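Student: Quick one, what's the 3D model for this:
(one chain, ligands or ions: 2)
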Amino acid sequence: MIVEMGKGATRQQVDHVVKRAHALGFEVQLNLGTEKTVVAILGSDTGKTATDVFAVLPGVESVSRVMKPYKLASREFHPQNTIVNVNGIKIGGQKLVIMAGPCAVENEHQLMETARAVQGLGASIIRGGAYKPRTSPFSFQGLEKKALKMLATVKSELGIPIITEVVDIQNIEIIAKHADILQVGSRNMQNFALLKELAKMRHPIMLKRGYAATIKEWLTAADYLLAEGNQQVILCERGIRTFEDSVRFSMDISSIGVIKRFSHLPVVVDPSHAAGHFAYVPTIARAAIAAGADGLLIEVHLNPEEALVDGLQSLNIPNFERLMAELKPIAKAVGRSI
Ligand code: PEP
Ligand code: MN
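Tutor: Ligands and ions are numbered 1, 2, ... in the order given. Presented below is the predicted three-dimensional model:
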């Protein structure tokens with residue numbers, strides 16, 4: 001249930017609504033907007049409770065039921081766009097955010113030189129996998145702690161934030177010490193035990209879409225991350241499984257519009273994992289920016305031929321440079337800058 005307070009509602013009136021909800025056994029989250037406060041009343045019984053219970057309280061303007069399965073990620077709860085702030089870099093604002101780097105951290109030289117190059121070409125966040133969720137147990141699983149140290153060196157030497165993936169609960173703490181954004185991969189989008197633990201963190205978290213998940217399931221998974229009061233959640237569309245097999249996954253461009261309509265969370269697009277081939281990365285990246293994405297997550301490798309993971313879909317530096325130049329006029333055309 002969503003309780004919208006009137007414009008002049010006092011803090012005491014808001015507190016009264018919260019108290020009443022707690023007394024009825026519900027949980028509560030507040031969106032203290034600049035114009036008005038919205039109170040989300042959460043719990044399995046909200047459907048049975050009369051909306052009048054809250055409508056009569058002083059300062060309340062309206063009470064409505066959210067019929068969608070997700071609540072905290074919805075625009076009903078949070079009408080204004082959320083802007084996630086990563087050490088001063090704003091995701092969801094006018095300026096697009098480009099996150100780039102290798103699929104996996106392989107060695108100091110590869111990571112540092114890739115990071116330097118992409119930063120010079122306009123990337124403002126570096127990606128690099130330390131713990132890799134691989135389809136096969138016999139594939140390279142990542143350098144783990146060693147990779148985290150290398151990411152930390154890049155962060156301190158280049159003064160640029162880092163995003164890396166968390167694949168299990170045991171490693172949340174160590175990754176959180178080094179990374180600025182914690183990434184939840186496609187395969188873990190509905191790993192609810194992991195999401196619940198991550199919800200306790202105060203880091204920005206990027207939730208990738210499960211490749212067989214509907215947008216509703218994706219936004220409902222985001223509710224897990226928002227449930228403990230952390231509002232720093234970024235969504236990442238990375239393509240879904242369809243019958244088409246000339247690309248690795250099919251980019252669902254329409255999800256950008258759906259997310260923008262029904263959610264307040266910023267959404268970035270990963271063209272690399274959707275494409276599966278470097279030739280299609282620019283096509284998807286350009287379309288994503290034109291469609292209104294807030295940024296991109298792109299795999300770049302100094303020498304894709306030698307990449308231990310995802311070499312085929314990685315851009316080399318000249319290709320990344322070309323793409324960045326192509327994106328500029330598209331960003332401008334849709335009122336964004338890059
Ligand atoms: C990644 O970004 O490193 C990754 C493994 O992507 P996804 O979870 O989308 O497959
Ligand atoms: Mn990859």
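
Student: Which strand or helix spans Q29?
Tutor: strand 27-32 (DSSP states H and E).

Student: Show me what counts as buried in that strand.
Tutor: V28, Q29, L30, N31 (16 or more other C-beta atoms under 10 Å). In this view, the C-beta of every residue, glycine as well, is placed from N, C-alpha and C.

Student: okay, now the nearest residue to G43 once chain neighbours are set aside: neighbour count?
Tutor: In space, G43 comes closest to F26 once its chain neighbours are excluded; the distance is 4.2 Å by C-beta to C-beta, 6 or more residues apart in numbering. F26: 18 surrounding residues under other C-beta atoms under 10 Å.

Student: just I89 next, same as before
Tutor: The tally of other residues near I89 (other C-beta under 10 Å) stands at 19.

Student: Report the separation between the residue sitting furthest away from the middle of the chain and ligand 2.
Tutor: In the chain, the residue that sits farthest from the middle, by C-alpha atoms, centre = their mean, is V56; the gap is 37.6 Å. To ligand 2, V56 is 54 Å away according to C-beta to the ion, to the nearest Å.

Student: again with E76
Tutor: Distance, E76 to ligand 2, using C-beta to the ion: 35 Å.

Student: Isn't that residue up against M1?
Tutor: No: here E76 lies out of contact with M1, judged by C-beta atoms under 8 Å, at a distance of 10.0 Å.

Student: what's the overlap in contacts for those two?
Tutor: S64, V66 (C-beta atoms under 8 Å, 6 or more residues apart in numbering).

Student: ok, the residue in the stretch 101-250 of the chain that ligand 2 sits nearest to - contacts?
Tutor: Per C-beta to the ion, C103 is where the stretch 101-250 of the chain lies closest to ligand 2, at 3.2 Å. With contact set as C-beta under 8 Å, 6+ apart, C103 has these partners: G129, K132, S272, E299, H301, A307, V309, D310, Q313, S314.

Student: does the residue most central in space within the chain sit in a helix, a strand or a coil?
Tutor: Nearest to the mean C-alpha position of the chain, by C-alpha atoms, centre = their mean, lies I234 at 2.3 Å. Classification of I234 by DSSP: H, G, I helix; E, B strand; the rest coil places it in strand.

Student: what pairs with the residue nearest to it when sequence neighbours are not counted across the strands?
Tutor: Distance criterion C-beta to C-beta, 6+ apart; nearest residue to I234, sequence neighbours excluded, is M206 at 4.4 Å. On the basis of DSSP bridges, M206 is bridged to Q183, I234.

Student: ok, M206 - how many residues close by?
Tutor: Per other C-beta under 10 Å, the neighbour tally for M206 reads 28.

Student: which ones are touching A287?
Tutor: M251, I253.

Student: Relative to ligand 2, which residue of the stretch 201-338 of the chain is the closest?
Tutor: Nearest residue of the stretch 201-338 of the chain to ligand 2: D310, at 3.7 Å (C-beta to the ion).

Student: which residues does the residue of the chain found nearest ligand 1 contact?
Tutor: Proximity of the chain to ligand 1 (C-beta to the nearest ligand atom) peaks at G185, 3.0 Å away. Contacts here follow C-beta under 8 Å, 6+ apart; on that basis G185 touches P133, E165, V167, K208.

Student: count of neighbours near the nearest residue to Q232 once chain neighbours are set aside?
Tutor: Among residues not flanking Q232 along the chain, P204 sits closest, at 3.9 Å (C-beta to C-beta, 6+ apart). P204 has 24 neighbouring residues, counting by other C-beta under 10 Å.

Student: from what I can see P204 touches V84, true?
Tutor: Yes: under the criterion of C-beta under 8 Å, P204 makes contact with V84 at 5.0 Å.

Student: D245: which element?
Tutor: Using DSSP H and E, no helix or strand contains D245.

Student: What are the phi and psi values at I253?
Tutor: Main-chain dihedrals, I253, degrees, to the nearest 10: phi -60, psi -30.

Student: from memory it sits against A291, does it?
Tutor: Yes: counting by C-beta under 8 Å, I253 touches A291, with 5.2 Å between them.
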